[in-house]
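[1] Using only what follows, build the 3D model:
(one chain, ligands or ions: 2)
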Amino acid sequence: MTKEKDKNIDRKSSFPAMEEEILNFWEKNKIFEKSVNNPPSPLYQGGKNPPYPPFRKEKSPLPPFFKGGIKDYVFYDGPPFATGTPHYGHIVASLMKDIVPRYWTMKGYRVERRWGWDCHGLPIENIVEKEAKTKSKKDIEKIGVEKFNEQCRSKVLVYAKEWEKTVRRMGRWVDMENSYKTMDLDYMESVWWVFKELWDKGLIYKDYRSMHICPRCETTLSQSEVAEGYKMVKDLSVMVKFEIMDKTPLTPLLKGGEDKANVYLLAWTTTPWTLIGNVALAVGEKIDYSLFKVDAGEYYIIASEQARKLANRFPQILKSFKGKNLVGLKYKPLFDYYAKDEKLENRENGWKVYSAPFVTTEEGTGVVHIAPAFGEDDMNLGKKEKLPFVQHVGMDGVIKEEAKDFAGLHVKPTDDVMKTDVEIMKYLAGKGLLFSKEKYEHSYPHCWRCETPLLNYATSSWFVNITKIKPKMLKLAKKINWVPAHIKEGRFGNWLEGARDWSISRQRFWASVIPIWECSCGERKVIGSVEELEKLSGEKITDLHKHIVDRITFKCEKCGGVMKRIPDVIDCWFESGSMPYAQRHYPFENKKKFEANFPAEFIAEGVDQTRAWFYYLHAIATGIKGSHAFKNVVVNGIVLAEDGKKMSKRLNNYPDPIKVMDKYGADPLRYYLCASPVMKADNINFSEKDMAEQTRFFNILLNVLSFYKMFAGDLKVENLEKKDLVNVLDKWITARLEQTKQIITEKMDNYDLQSIREIPIFINDLSTWYVRRSRDRFKGEDEVDKMRALKTLRRTLYHLARVMAPFMPFTAEHIYQELGADVESVHLKEWAPAKKEWIDKKVLEKMERVRKIVELGLAERDKAGIKVRQPIASLKIKNQKSKIKISEDYVQLIRDEMNVKDVIFAEGGELAVELDTRMTPELVAEGVKRELVRAINNLRKETGMTIQDRAVIYYQTENKEIKEVFEKFSEEIKKDTLADEVRLGGEGKAVKINGEEISLKVESL
Ligand SMILES: [Zn+2]
Ligand SMILES: [Zn+2]
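    Ligands and ions are numbered 1, 2, ... in the order given. A predicted model of the protein is given here:
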């Protein structure tokens, strides 16, 4: 048996093995390196004096890159963390980052692909913290920042080997050996440069404001980090009674005998722990409020609209009035820890009612509890009205000593997040200050890394002034091409519109640091390079991490004092957003190269990056370069488990990617993902079954390849030329091929990776129509026609391999090598532009009609219950005014495929077919002959004969008709079964022919 046959029989196990062989071939011959250093351009083949390629006429204009050498095609690789093994999400991203560069390489560009590792930040810190069993930031400080940071450094690349394995296996070409790391000195120095550029442009400032912090990580977070972690949670909501102290204008309303009655403002909150920090209440001036009597001697004020909603609890309205009547009223503080502190700044303004524009009646009571240390609106009102500032909670989420009854409690304990709120509630209830309580479900932000509920907390932070550059960012964003397009104005556009100043300081350890040195006199210095710091400090600097640079001090130019670095480190997204510059150590190195290639042509990542990496790249590029950072971006969705849930190691609800590739091959996985909606930012449920189903065409394609090889044998099959295109089938498949090339080229130029779907459609046409209908031509005696068919099929496979190369690099290489490669690898071959003059539209149209007629005809045969092997007398094609005018070659295709003797055209109505199913003895005999041929060829296969083997056929039968068929059609049977003789006799196998059992035997000569 031939080698090809082996492959067909057992593709499932041999296909992955073929891929492994190809991986070794690429590595051994350095094909990737060659494709980068010497891209296979149709225009430029490398070398100092590039020759004109033979097919390029001198008149046609030279492309710009031909003049100055090879042009770079730049894409940015968003560096992943190596803190876990790669999953399908990474495979999808890697796939996009492989297909696009391979495509542009084939188009003649140099596409350097350098891998990067994200090294800094909480993901790594958390791993080290877990191992060191630290519970808080203080524990880390006890260990020492130096020791902690060095621990982090040692953990950064723990899973790098797993990544290398997966990336290699899936066939992604990227240079992992010379990867850059965000913790490298060069990288970190460029980050400092970026920071200083922003500083010099006045885009960095420090402010004290209300931010979201993670009390466990004890650090501030940025807007996008906060947006990442919203989850529905159950909290307690309470209505609290604030007793009005003044003899107010309302007092006369309280009828005689009750002028000692208590009047309360009711405020509503879902964070009872913030009540200790309450210093004011806010109402809306124009909002209607009402006074109610609920219990004897107790009166309440809430917004009238809310009272209507809670009618059962507030039945008795005594009086209504506008909110402005409440402004200025004093109330009794719920707690006296701070209210009695005479040293408290602005104490005189505290515990009064203020008017505020943000008060609404949508939720709550229309009376808002104000704690400036724990909310943005609160903070702003506090600044405006000079309210006292009470921050009774530390950055670690623990209540401070001053709040005596609650000192030491965590405001959101991890074991029971409502515990402290319940304590506060009980305390208030004990004092008669709790009006009501209930469970409340709402969406609340959590730390994206450690899942701790975040706190709204006033603290100081450094910011990038996004507000200032936002108009420019919006303008530049219009230049970016998004796939899918809706993200441009949708997700990304909306995020940009709502973007706020970017908090970049983090109070952590393992990161790039904020390069600001300060003196106690107020002098500040921002350092933008290693050299600058060395000059100022007189020390040799080889590392820019916190534990190193915190020790570096220098003299203050102003007062002679000591300049010390501010303790904050920098948001890791600042580093990721700086990667275009930092990966090349710009501007310290590669200045020219960078500037010639900015912005990048292409980036790709998941949809979650619209608020993160894509956004930060854009913000920094706008800030320092006044430019967008990338021209084209492809956004992928999420690969979910088959059950629609998130893929989870714990649930074990998805197959290991390496195992999937070892079972089916990497190309089928690549096809399945690339053809799926995940390429257009939609989610998919990963299904092994679907993948197997959708990738059957690999098998069909390999069968076509062996078919070609079987009939080409040792023949020298030369290149197809125009004069060879005589047969309609050759014309048609060539037109289809060029059409497919054209569609894919157009789509790929627009970054539509789903263009991969054209490939199985074409393979189906090739196999089920071209090869099927050409079978007799390959076997036939017309040597000229046979050679034309071989030339056509060879060219088709050869070009198909090139079109498949960026998408399914293994199969493409396999086919290319099997056909006899003309250069070392298909990936060193140029992308073949479509030969438009060979796309014969008329041929395509006519063939489509022929196939439609056949489809209708086969359906009729099916209805009549007549097998295709049984010839029938005629097929009548009815259609309007003989619309279908097709020549004899096409009619012959219908006759052959339909197995009819005659095709008749008739006028009238929509396109329809009619069969003449009347049988004659001749037709029946011919049907029997076909049955015999099929049975004999099956026996040939069973005995392992190939087309080189000639056979002798033995038969025995009592049936008169079958005997007659053997005698009458002996020559035809011999021809169709590659036999030299047909003999009566011999002990054979029992075979059923049209319901009759006969004995058949095939012997090799
Ligand atoms: Zn956290
Ligand atoms: Zn100073």
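
[2] Look at whichever residue of the stretch 51-200 of the chain sits closest to ligand 2 and give its secondary structure.
    Nearest residue of the stretch 51-200 of the chain to ligand 2 (CB to the ion) works out as W199 at 18.6 Å. Heads up, the C-betas are built off the backbone N, CA and C, glycines and all. State at W199, reduced to three classes by DSSP: H, G, I helix; E, B strand; the rest coil: helix.

[3] got the contact list for it?
    V526 (CB atoms under 8 Å, 6 or more residues apart in numbering).

[4] Which positions within stretch 670-690 qualify as buried?
    670-676, 678-681, 684, 686-687 (16 or more other CB atoms under 10 Å).

[5] Filter those residues down to just the ones in strands.
    Assignment to strands by DSSP state E places the following of the buried residues of stretch 670-690 there: I684.

[6] got a pLDDT number for G780?
    At G780, the pLDDT value in this model is 78.

[7] Flag every residue of the chain that's near ligand 1.
    Neighbours of ligand 1 within the chain, by CB under 5 Å from the ion: 214, 216-217, 447, 450, 452.

[8] Nearest to K841, out of these: which one, please.
    C447 (60.5 Å; CB to CB).

[9] So for that closest one, what's the nearest residue that isn't a sequence neighbour?
    For C447, the nearest residue in space outside its immediate sequence neighbours is C214; the separation is 3.9 Å by CB to CB, 6 or more residues apart in numbering.

[10] count of neighbours near that neighbour?
    Counted by other CB atoms under 10 Å, the residues lying close to C214 total 27.

[11] now it: how far from E532?
    C214 sits 33 Å away from E532, going by CB to CB, to the nearest Å.

[12] Then K386?
    From K386 over to E532 (counting by CB to CB), the distance is 42 Å.

[13] Name the residue in the two with the higher neighbour count.
    Between K386 and E532, E532 has the larger neighbour count (other CB under 10 Å), namely 17 against 12.

[14] just to confirm, which helix or strand has the more buried one in it?
    Counting by DSSP states H and E, the element that carries E532 is helix 530-537.

[15] For that helix, list every residue counted as buried.
    530, 532-533, 536-537.

[16] Need the phi and psi values for whatever residue of the stretch 151-300 of the chain ends up closest to ligand 2.
    Closest contact between the stretch 151-300 of the chain and ligand 2, by CB to the ion, is at K206 (17.1 Å). The phi/psi pair for K206 (degrees, to the nearest 10) reads phi -110, psi 140.

[17] Skipping adjacent residues, who's closest to it in space?
    In space, K206 is closest to W462, 5.2 Å off (CB to CB, 6+ apart).

[18] Verify the assumption that M661 is located in a strand.
    No - M661 sits outside any strand when classified using three-state DSSP, being helix.

[19] In contact with the residue sitting nearest the centre point of the chain, which residues?
    The centroid of the chain falls nearest to N636 when counting by CA atoms, centre = their mean (2.5 Å). By CB under 8 Å, 6+ apart, the contact set of N636 is 89, 92-93, 96, 604-607, 678-679, 681.
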